[in-house]
Each structure stands twice: as structure tokens, then as C-alpha cells.
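>>> Kindly return the folded structure for what I paste below:
(chains A and B, ligands or ions: 2)
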Amino acid sequence: MTALPTRRQEDWRYSDLEALREVWPQDIATTRALSVAAGESARLDDTLTGSDWHNETVTIDLGAGATLDGIIVQARDSLAVTTQHYRISLGAGARCTLHVLATGSRFGRIAIDVEMGEASDFNLGGVMIGGGAQTLEIVTHVVHAQPRATSRQVVRSVAGDTATTSYLGKVGVARSAQKTDSAQSAKALLLTRTATANLKPELEIFADDVKCAHGASVGALDANALFYLQSRGLDPAAARALLTRSFLAAAFADLDDEAAERLTDAAIAALGTNQ
Amino acid sequence: MLEIRDLHATVDGKAILNGLTLSIGDGEVHAIMGPNGAGKSTLSYVLAGRAGYEVTSGSVTLAGQDLLALDAHERAAAGLFLGLQYPVEIPGVSNLMFLRTALNAQRRMRGEAEASGAEFMKLIKAEAEAFGLSMDMLKRPVNVGFSGGEKKRNEMVQMAVLAPKMAVLDETDSGLDIDALRVVADGINRLRAPDRSTLLITHYQRLLDYVVPDRIHVLVAGRIVRSGGPELALELERDGYVDIAA
Ligand SMILES: Nc1ncnc2c1ncn2[C@@H]1O[C@H](COP(=O)(O)OP(=O)(O)OP(=O)(O)O)[C@@H](O)[C@H]1O
Ligand SMILES: [Mg+2]
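Numbers count the residues shown, from 1 in each chain, chains lettered A, B, ... in the order given. Ligands and ions are numbered 1, 2, ... in the order given. As a prediction, this is how the structure comes out:
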């Protein structure tokens, strides 16, 4: 990208463009390419720390039947500005599963575009933990252009203080993409009245024989469950932390136990320091 | 063990408990019966310290300690257990992790050593078996996908592992099949001890056939209107609450 995005662009409408403008002139966009040959499998581990302006585009190409399991973690300093853009193309029968955890950055954006091949499978489990004045966003655009592909996105965000977390998830299903099966579940937890959560799952369907589900909800921790945990001896902070774990669980449900625990622990730890 | 004196409490500004007095001695089992909406669950929440249940006057002591001065989690550590009428589901948190966290939180508050993984597993395996829940179920998220009866058994497993001084069981018998009722009753009887007391909230004589209480109380409109021995349950079963309430 060369020109500074504007709020008129739908997928930048909740972004912290002020933060972006400050770093924009020193645009040091980097690009990276990853391709996995047909039938092969690969792993991706993108963990970002530090505080420099980070603007990276990663193109990922999966051949027929290839698989990729990726973990993307934005755990940067609170003043960092981070924009990561993943452009993924899935060959026939390929599978890509990404787990995302965004906790750090003043403005942190993870954009993921996916071009689905025939009978391919895309899974995203995303978590954002925003505190202070952070703006965090996960913006996805999944295009089903071929038949029988499945995509599933589960995003959970927690926002406190005056933070803003946004999930903009657009799924397009072309006329030719019959038997598409697509699901989006987005939930946000607001810890304060001053925090903001935007959840915009969106469907554009031109095929008629498809299964597309989406749901979004914003709320607070359940008072009934909080009482239940406290009645068993957990103090209010421990009860809230355990319920937050419970809230995040669906996003990491299809990870192996160890990785799920590691990411959840990191999310809960960020909750302690971000707020 | 538990002394409740002239307790008045409101929920959302509405008076629900209106001068409730009840005394449960060490090692005793008492039962509370009463019509729907009488305030039985409210009493249990007030005892457990649920937010939004406001005590306007009266006192409650547990083994001599002022219960009302404590937060909910401190009451648990002080030895109070509440078996809920409607146990809560907690997705993504296993029963094992939940219960171990709870047990060790209580032990820390009491200045006791925490249970090691091995000690905890031994404890819970024994109780899971006693109450007819498989370890596989206990590895699953708290109460998620459990049937009504399984949730109640799970409450009993939690009670047995946490080993409270005073257990308040709110309709633990509702929704149980006959075998499960037997299992739960056997569990309550097994845990009876000179230093542990139980308050059963129930609608049915059936449970009291298996767990014979020392005293039965009738709660109507936020007060105990009558108390008696085990025979009172039979009378209520026959005549209902109409005469008593009048
Ligand atoms: N949040 C609330 N706001 C207002 N009234 C409430 C609230 N919660 C409970 N109540 C009322 O308090 C009264 C007592 O309710 P409670 O649940 O204690 O009854 P109960 O004796 O346990 O009944 P049941 O046998 O049906 O379980 C009822 O009239 C109920 O509607
Ligand atoms: Mg009740």
C-alpha cells in the first residue's frame, strides 16, 4: 500500500488512522512469500515483539492438498504501530488453520485475505485483548470462488479502558461456489463502559446451494457464573480471569492443548497488564 | 453451627426475607420446605453472599463467625457450601481444573497447604465414583452438556471434595431419577459428621425418606412459620401448605 488509507474505506473505518499517519512517511513495508507445494504441510510462527513501525505483507500459496498451521501473535510494545496483511491462496483440497492473538500495539491490525480453492478449508481462531487506548483489529475477506470449500472463523475480543477492538469479517460466495459451508462467530467482552467493540460479520452470497452462518454478540461477564465461581472460593479477580478463559476458549478450541494453554495464558496475562 | 437471627433481605428493592430465624446445631441435618416463591433460594443466596441480595437487618453466624461480614469467596473458605438449584455451565473450563482451583483457593485462604496434583486426583476419583460420574465427564467443561441429574451429581462431587462445615443444598433432589436420588442421599449420609451440618431445601418427602433430618422447617413468605420433627414432612405431603400459610 502506498497511499494512507482513509476512513471512507470500509475495511479501515474503525482503524486508528492518526497513529498510522504518524509513522506513514517512514513506510518500510516488507513483503514475504511462503509457498507450500501440493501435498506438503508446513507451519508458520509469526510472533512480533518490539516497538518499531511494522508493516508487512505476507503472501501464502498452498498447492493442491497442502496444509498450513500458523500462529500469529502481536505482542508488541504499547506504543508500536503494526499492520500485518496476509494474502492467502488455497489450492484444491488445501487446508489452512490460523490462530491469532493480538495483545500489544497502540494500533494493531491483522488483515487476512483468503482465496478459497475447490473443496479447500480455512479456519481462523482469533483473540484480541485491548486495554488503555489501544485500537486492535482483525479484518478478513474470505472469497469462495470454487465449489465445496469450507471456512470457519471464531473471533473473541476483550476490551477495557478506552480501547477499541474490531472484527470485520467479509465472506463472499461466488455463483460458481455451490456447496460452500461458511461460519463466523464473533463475540466481544466489554470490561468498561468506555471501551468499544465493533463486530461486523458480513456475507455476500451469489450461489444458491450454500450453508452460511454468522453470529455476533457483545456483552459483559455473566453475573450468575461469577457468583458460582466465587461461591466455590475464587476471589473476584480469579473468578473473572477464569470466566475470561472460558470466553476465549472457542477461539483456540482446535489447537493442541499445549499451544491453546500457552496462548490463553498470554491473553490472560495481557489482560492483567493492558488494563 | 449456623445461627440465623431475624434476617431481613431484599432483592432489587423487594423484601423477600422477612424476619427469618433458624438455628442448626453441629452435626445436624435440617430441611426447609415451602411453596414456590417463598424465598428458599433467596435464603441460600443471602447465606452465600451473592451480589444484589441485600441484608437489611438481622445476623448470621457460622461456627461463631459473622458470615455477613465476609465476601462470597471468604464464606466458602470459612466452610459454607451452596449446592445450586440451577448449576451453571462454564464452557472451556474443565471440571478438574475448576475444582482444583477452588479447593486450593480455599486452602490458601485458610493458611493450609495446597493439594498436589496427585492428592487432588485421588480425592476426586473417589468422589466421582461415589456419585456415579465418570472421570471422562469431569475432564469436560463444567456442566456443559450434562443432563439435569448429572449437574446435580456434579454439585455433590464438588461438595464432597471441598468438605464444607455447612452445606446448603437447594433442591439437589429435583430432577434426579430414583437411582440418582439414592446415590445423592447416600452421599449426604456418608458425609454426616459431628462437625458438619446440612440444610436441605426440598419439595419432596422422598429425599427425606433416605436422609432423615433432625428438624424440618416450613418457609412461607420469607419467614419460618412452623418447625417440627421428620413427621412434619408427611403432614405437609398430605395437607399442603394452605393451612400453615393461613
Ligand atoms: N431479582 C429479583 N427481583 C425481584 N424479585 C425477585 C428476584 N429474584 C427473586 N425474586 C422473587 O423472590 C421471591 C422468592 O424467590 P425464590 O427463588 O427465593 O423462591 P423459592 O422459595 O426458592 O421458590 P422455588 O420453590 O420455586 O424454587 C419470588 O417471588 C421471586 O419472584
Ligand atoms: Mg428455589
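>>> contacts and neighbour counts: CA atoms only from here.
OK.
>>> Check what pLDDT residue A:274 gets.
Note on residue A:274: pLDDT of 57.
>>> Likewise for residue A:185?
On pLDDT, residue A:185 comes in at 96.
>>> That one belongs to a helix, doesn't it?
No: using DSSP: H, G, I helix; E, B strand; the rest coil, the secondary structure at residue A:185 is strand, not a helix.
>>> could you check the distance from it over to residue A:171?
According to C-alpha to C-alpha, to the nearest Å, residue A:185 stands 12 Å off from residue A:171.
>>> Which one's more surrounded, those two?
Using other C-alpha atoms under 10 Å in any protein chain shown, the more surrounded residue of residue A:185 and residue A:171 is residue A:171, with 24 against 20.
>>> just to revisit the earlier point, mind listing the shared neighbours of residue A:185 and residue A:171?
residue A:201 (C-alpha atoms under 8 Å, 6 or more residues apart in numbering or on different chains).
>>> The residue of the stretch 151-275 of chain A at minimum distance from chain B: how many residues sit nearby?
Of the residues in the stretch 151-275 of chain A, the one nearest chain B is residue A:233, at a distance of 4.1 Å by C-alpha to the nearest C-alpha. Here the number of neighbours of residue A:233 (other C-alpha under 10 Å) works out to 33.
>>> can you check residue B:136 too?
Neighbourhood size, residue B:136 [other C-alpha under 10 Å]: 7.
>>> where are the low-confidence patches of the chain?
In the absence of a named chain, chain A is used. By pLDDT under 70, the weakly predicted segments of chain A are A:1, A:25-28, A:274-275.
>>> Wait, chain B was what I had in mind.
B:243-246.
>>> can you give me the helices for it?
Using DSSP state H, the helices of chain B run over B:40-48, B:72-77, B:95-109, B:117-130, B:135-139, B:148-162, B:178-190, B:205-210, B:231-239, B:242-245.
>>> Neighbours of the closest residue to chain A within chain B, how many?
Using C-alpha to the nearest C-alpha, the closest approach of chain B to chain A is made by residue B:73 at 4.1 Å. Residue B:73 has 27 neighbours, counted by other C-alpha under 10 Å.
>>> Hmm, it is touching residue A:234, no?
Yes: between residue B:73 and residue A:234 there is a contact at 5.6 Å, judged by C-alpha atoms under 8 Å.
>>> list the residues that contact both of those two?
residue B:106.
>>> and the residue of chain B closest to chain A, what is it in contact with?
A:230, A:231, A:232, A:233, A:234, A:235, A:236, B:106.
>>> So which of these is surrounded by the most neighbours?
residue A:233 (33 neighbours).
>>> thinking again about what came up before, TSV for the helices of chain B, including distance to ligand 1?
What follows is those, written out as TSV (distance: least, C-alpha to the nearest ligand atom, whole Å):
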stretch	distance to ligand 1
helix B:40-48	4
helix B:72-77	18
helix B:95-109	26
helix B:117-130	27
helix B:135-139	27
helix B:148-162	15
helix B:178-190	18
helix B:205-210	14
helix B:231-239	14
helix B:242-245	14
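>>> Show me the one of these that comes nearest residue A:116.
Nearest to residue A:116, of all those, is helix B:135-139, at 36.2 Å by C-alpha to C-alpha.
>>> can that closest one be found next to chain A?
No: Helix B:135-139 does not reach chain A (C-alpha under 8 Å from any C-alpha of the partner chain); its nearest approach is 12.7 Å.
>>> That helix: which residues count as buried?
Within helix B:135-139, the residues that count as buried by 16 or more other C-alpha atoms under 10 Å in any protein chain shown are B:137, B:138.
>>> list the helices and strands that helix packs on?
On a contact count with 3 or more C-alpha pairs under 8 Å, 6 or more residues apart in numbering or on different chains; DSSP states H and E, helix B:135-139 meets helix B:95-109.
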